[in-house]
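Q: Requesting a structural model of the entry that follows:
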Amino acid sequence: MFSRLLYSSLQEWSENKSRKPLVLRGARQVGKTTLVKTFSKSFDKFIHLNLELSEHRRLFESDYTFKELVSAIFYHSDKIRDQKRTLIFIDEIQNSSKAVASLRYFYEEAPELYVIAAGSLLESLIDSRISFPVGRVEYMTVRPCSFIEYLNAVNDGLSLQYITQGKIPVFAHQKLMEHFNQYTLIGGMPEVVSLFAETNDIVAVNRVFGSLVSGYRDDVEKYARNLSMENHIRHIINVGMTFAGQRIKFERFGSSDYRSREMGEAFRTLEKAMLIELSYPVMSSTMPLIPDLKKSPRLSWFDTGVVNFAAGVQRELFGAKDISNVWRGLIAEHIAGQELLALDNSVLAKRIFWVREAKNSNAEIDFIYQFKGQIIPVEVKSGKGSRLLSMHLFMETVNHDIAVRIWTSPFLEDSIKLKSGKTIRLLNIPFYLVNQLPLILNQYF
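A: As a prediction, the model looks like this:
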């Protein structure tokens, strides 16, 4: 398995003397279990409990005191409890509300043990009367692989070195864009990335995609509270990826007869499962940024490669010179958004965009990126001559002069004079450097 950037965050967690049990969030199949198993190699002892197995689940469901529970866990795992560093991984924890409740006692009564829990749909599947112990656990999100992790997988250390150093030679640009185009095509699901790195065969990875999409369809019964919601969620999974990157309406979504209230509930359930994200626009360019929940949200899925497969866009992407021209630019925006989200492993991280809706003049910025208290507009557009009228309007309203465009050409800083006379600096950043945006912006603030 190739290296994941989250290893360093797990290491920081383990070295924190006041650490709490860690809950890993993330869509199914994004690599949570593999991540923990790899991380476990740095411990003296590793206990893996999978609560989909009844024998493991019974440990928590039995009427044990917490002290007896810990003893039973070690005994069942044929491990002796001593002073050696021990990692306990409670996988699929959503299957036992008592296991969730036990996390509090791991923090209060057994702080010497390292405890990581993981599961899907944690908020929705656990008994509503049982919630995660407030203040007794911490959270981290596992997302699909970023472009940096893709380069790790294909073992291109030199390209990785250029990117992380932030100095891209002119001769490296074309190869880096070819890499990024391949990454855009296959996305970041770990199994897909590993197989593609090994075979370079899109037909082979399509079998994995097919299995993934079928698996999400099979999970519908786990997500839904009743048969009606099952139908709504199944409809979203079946047709929703063709709406990736677009603003949507819940009412009669995807040419259905389903009403807004029921579809909204189905969408929010899938958002809890971290399969989708509903991004609502902000209307202001000053802090705090408050999304307008009365406006139509933008629908993003957890992985662009899965979208390409399910929406039938792979053929159009394959061999494309400029991904900004594929599928009306939606795939370019979708993968750029995926890279922006990968910069933050917080469960609260969300992408937002800006709109101005006037009677005769509408404007929209693809993404708003908050950096050191500043609100940075980010547009995904190709070509030096591309019109950036929305960005010009936005930049008239902020008190700084930095704007960002993501494109397919090499890095370029432009100076642009707005109608008001204000001069702004436009940072034109190639797709493969989106992951370095904080470091780039740090040079200007």
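Q: quick one: contacts of whichever strand or helix holds residue 38?
A: Applying DSSP states H and E as the criterion places residue 38 in helix 32-39. Outside helix 32-39, the residues within contact range by C-beta atoms under 8 Å, 6 or more residues apart in numbering are 1, 4, 6-7, 10-11, 24, 26, 46, 48, 87, 89, 91, 116, 118, 142, 190. Every C-beta, even on glycine, is put in place using the N, C-alpha and C of the backbone.
Q: just stretch 432-445 next, same as before
A: Here stretch 432-445 has contacts from 146-148, 163-164, 166, 168, 176-177, 179-180, 336, 339-340, 342-343, 369, 371-372, 374, 376, 400, 402, 404, 406, 411, 425, 427, 429, using C-beta under 8 Å, 6+ apart.
Q: Please list only the buried members of those.
A: Taking 16 or more other C-beta atoms under 10 Å as the criterion, what is buried in these is 146-148, 163, 168, 176-177, 179-180, 336, 339-340, 342, 369, 371, 376, 400, 402, 404, 406, 411, 427, 429.
Q: Inside helices: which ones of the contacts of stretch 432-445?
A: 147-148, 163-164, 176-177, 179-180, 336, 339-340 (DSSP state H).
Q: Same list, those residues, but as CSV with distance to residue 134 and pLDDT please.
A: Formatted as CSV, the ones in helices among the contacts of stretch 432-445 follow (distance: C-beta to C-beta, whole Å; pLDDT from 0 to 100):
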residue, distance to residue 134, pLDDT
147, 36, 98
148, 34, 97
163, 39, 95
164, 38, 90
176, 45, 97
177, 46, 96
179, 43, 97
180, 41, 97
336, 35, 98
339, 32, 98
340, 29, 98
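Q: Please compute how far the helix holding residue 38 lies from its chain's middle.
A: Its chain's average C-alpha position is 17 Å from that of helix 32-39, according to C-alpha atoms, centre = their mean, to the nearest Å.
Q: Tell me which helix or strand comes right after it.
A: strand 45-50.
Q: So which bits of that next one are buried?
A: Those would be 45-47, 49, for strand 45-50 by 16+ other C-beta under 10 Å.
Q: Walking through this structure, point out its strands one by one.
A: 22-25, 45-50, 86-91, 114-118, 138-141, 276-279, 281-282, 298-301, 352-357, 362-371, 374-380, 402-407, 412-417, 423-430 (DSSP state E).
Q: The last one vs strand 374-380, what angle?
A: Read that as strand 423-430. Relative orientation of strand 423-430 and strand 374-380, computed by axes from the mean of the first three to the mean of the last three C-alpha atoms, to 10 degrees: 50 degrees.
Q: Then the longest one?
A: Between the direction of strand 362-371 and that of strand 374-380, the angle (the same axes, to 10 degrees) works out to 120 degrees.
Q: which other residues reach strand 362-371?
A: Contacts of strand 362-371 (C-beta under 8 Å, 6+ apart): 281-282, 289, 333, 336-337, 340, 351-356, 375-380, 389-391, 393-394, 404, 437-438, 441, 445.
Q: Would you map out the domains in this structure?
A: What automatic domain parsing lists as the domains of the chain is 6-141, 147-278+302-324.
Q: could I get the ones you listed as CSV with distance to residue 293?
A: Output for the domains of the chain, formatted as CSV (distance: least, C-beta to C-beta, whole Å):
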stretch, distance to residue 293
domain 6-141, 19
domain 147-278+302-324, 9
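Q: These: which one's closest to residue 360?
A: domain 147-278+302-324 (19.9 Å; C-beta to C-beta).
Q: next one: that closest one to chain centre, how far?
A: For domain 147-278+302-324, the distance to the chain centre is 10 Å (C-alpha atoms, centre = their mean).
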